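> Here's a sequence, model it:
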Amino acid sequence: GEGGIDCAMTRLALALESALEPAGAAAALAATVEAALGGGGAVAGAFVWSTAAAGDAGEAIGQHLAARWPGAELLGTSFEGLLLDGRVWQGEPAVALLAWTAGPGAPIPIVCDPGLRDPDRLAKEIASAGDRIVPGPDDLVLLFPDALGPPALRPLLDRFSPERGGPLLAGAAASGIDGGPAPSWALPAETGGGPEPLVGLLFPGGPRPETEREEEPVRRASAARIACADATRPASPWLEITACRTHWIDALEGEPPIVWIRRQLGLEGPAPIEPHLDRLPVRLADPPR
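Below you'll find the model as predicted:
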């Protein structure tokens, strides 16, 4: 669940802490990644993921890390749960830290203005994060919009369509405590307070255009680092399965699953449902002891 990963000339390191006390958690996280990267002076940037149950601890930890690494860029947000260290962290405090060194292939922080919704301006801000006109098809853009107030993501996806030479765009919906807004942040502060910014990471698939010819082997090596990115968040409460057959659920909380699905979608009576939405995706777990 923690350690360093060689990535072309860039190194990545990952650490996890479940303590809520920000100063102690930040010190423990920093010690782990510094040991992997070669000291605090090697840290060029870091992303902090926290569980919603951690409240504002993620940003508080980020403040301590910013003081420890004054030259590094830090940003972060929270999710209902995290998948790390061989388990799911949900409903309990946990903070994960991804740190990196400078060099070809290093992640580039994305921080878009709070409240920005215009897809053209969002696309320009994402592109400017990489200091290039438009991220290319070898690049990967990860975005973490607030689940309660996402920007116009479909038009944004269209602007980065692979058919138009854009990067692979992926991400996950961030969420806060008790289903509230996600506390996204960036340090040093770039937004002057107010609503939380849209944050993300740009993973270059190769060197910048001005160095492409000299370092073509690096482009090939780093472009192969990431083949797939995926994420999800729970969309429903835990439900009791009151009747089922093999591979099929007959009743949830005493009613047919299709009734529950219609209620979640706001559909009444005979309103049609899209194909396959009548099949309920579930996650099974052992009951608490």
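> Could you use CA atoms for every contact and neighbour count after this?
Will do.
> Which residue comes closest to Asp56 once chain neighbours are left out?
Using CA to CA, 6 or more residues apart in numbering and skipping residues adjacent in sequence, the residue nearest Asp56 is Pro183, 7.1 Å away.
> can you pull out the strands in the stretch 1-150 of the chain?
In the stretch 1-150 of the chain, the strands defined using DSSP state E, counting those that start in this stretch lie at 3-7, 10-17, 45-51, 73-79, 81-84, 87-90, 95-100, 108-112, 140-144.
> Cys244: which of these is closest?
Among the strands of the stretch 1-150 of the chain, the nearest to Cys244 by CA to CA is strand 87-90 (25.6 Å).
> Identify the residues contacting that closest one?
Taking contacts as CA atoms under 8 Å, 6 or more residues apart in numbering, the residues outside strand 87-90 that touch it are 51, 53, 80-83.
> With respect to Val259, which of these is nearest?
Glu80 (25.8 Å).
> residues touching the closest residue to that closest one other than its chain neighbours, list them.
Residue nearest to Glu80 in three dimensions, not counting chain neighbours: Ala52, with 4.9 Å by CA to CA, 6+ apart. Ala52 sits next to 78-81, 91, 93, 175-178, 182 when contact means CA under 8 Å, 6+ apart.
> Export the strands of the stretch 1-150 of the chain as TSV, with columns for distance to Cys244 and mean pLDDT.
Below are the strands of the stretch 1-150 of the chain laid out as TSV (distance: least, CA to CA, whole Å; pLDDT from 0 to 100):
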stretch	distance to Cys244	mean pLDDT
strand 3-7	43	48
strand 10-17	38	92
strand 45-51	32	96
strand 73-79	31	95
strand 81-84	27	90
strand 87-90	26	90
strand 95-100	37	96
strand 108-112	46	92
strand 140-144	36	91
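> Out of the ones you listed, which gets nearest to Ala27?
Nearest of these to Ala27, taken as CA to CA: strand 10-17 at 10.1 Å.
> could you check the angle strand 45-51 makes with that closest one?
Angle of strand 10-17 versus strand 45-51, following axes from the mean of the first three to the mean of the last three CA atoms, to 10 degrees, is 30 degrees.
> in its sheet, what does strand 10-17 sit against?
According to DSSP bridges, strand 10-17 forms sheet pairs with strand 3-7 (antiparallel), strand 95-100 (antiparallel).
> Could I have the buried ones of the contacts of strand 87-90 as ChimeraX selection syntax?
Buried residues among the contacts of strand 87-90 (16 or more other CA atoms under 10 Å), as a ChimeraX selection:
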select :51,53,80,81,82
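> tell me, how many neighbours does Gln264 end up with?
The number of residues packed near Gln264 is 11, by other CA atoms under 10 Å.
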